[in-house]
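> Sharing a model that was predicted from the sequence below.
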Amino acid sequence: MDALIADNTITLDLIPAGTQARIAQILGGKRLARRLLGLGLRVGSEISVLQQRNRGVVVASAGTRVALGGTVAEKLLMQPLDP
């Protein structure tokens, strides 16, 4: 899959630590979307990337920290936000 997709989106696993971004699309099915919703993450959520570990990532959203594995991170299309 290309790292940079249409409309200035990039997969979460490729966003550097310290970046703010918005979830633009979830490429997984309903099961993944429900799982992320349970973690407080949905399309439109603004997140801060706190840490990158291999392909996994630690993000903060609405005061909550969440660690996501690389398989999940590569299914989240993000729109980086301007500082």
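Alright, I've got the coordinates. Numbering: from 1, shown residues only.
> Beta-bridge partners for the residue nearest to T9 when sequence neighbours are not counted, please?
Spatial nearest neighbour of T9, chain neighbours left out: L77 (4.3 Å); criterion: C-beta to C-beta, 6 or more residues apart in numbering. Bear in mind the C-beta positions are built from the backbone N, C-alpha and C, glycine included. Beta bridges link L77 to T11, Q25, judged by DSSP bridges.
> For L77, the count of nearby residues, please.
L77 sits with 21 neighbouring residues when counted by other C-beta atoms under 10 Å.
> Run through the strands of this protein in chain order.
Secondary structure of the chain (DSSP state E): strands located at 4-5, 9-11, 20-26, 46-53, 56-61, 64-68, 76-80.
> So which elements touch the fifth one?
Contact partners of strand 56-61 among helices and strands, from 3 or more C-beta pairs under 8 Å, 6 or more residues apart in numbering; DSSP states H and E: strand 46-53, strand 64-68, helix 70-73.
> closest to G38 out of those?
Distance to G38, taken as C-beta to C-beta, is lowest for strand 64-68 among these, at 10.3 Å.
> What are the buried residues along that closest one?
Residues 66, 68 are the ones in strand 64-68 that count as buried (16 or more other C-beta atoms under 10 Å).
> State the paired neighbours of it in the sheet, together with their directions.
Here, using DSSP bridges, strand 64-68 pairs with strand 56-61 (antiparallel).
> now the partner strand and strand 46-53, what's the angle there?
Using axes from the mean of the first three to the mean of the last three C-alpha atoms, to 10 degrees, the direction of strand 56-61 lies 150 degrees away from that of strand 46-53.
> I'm done for today, thanks for sticking with me.
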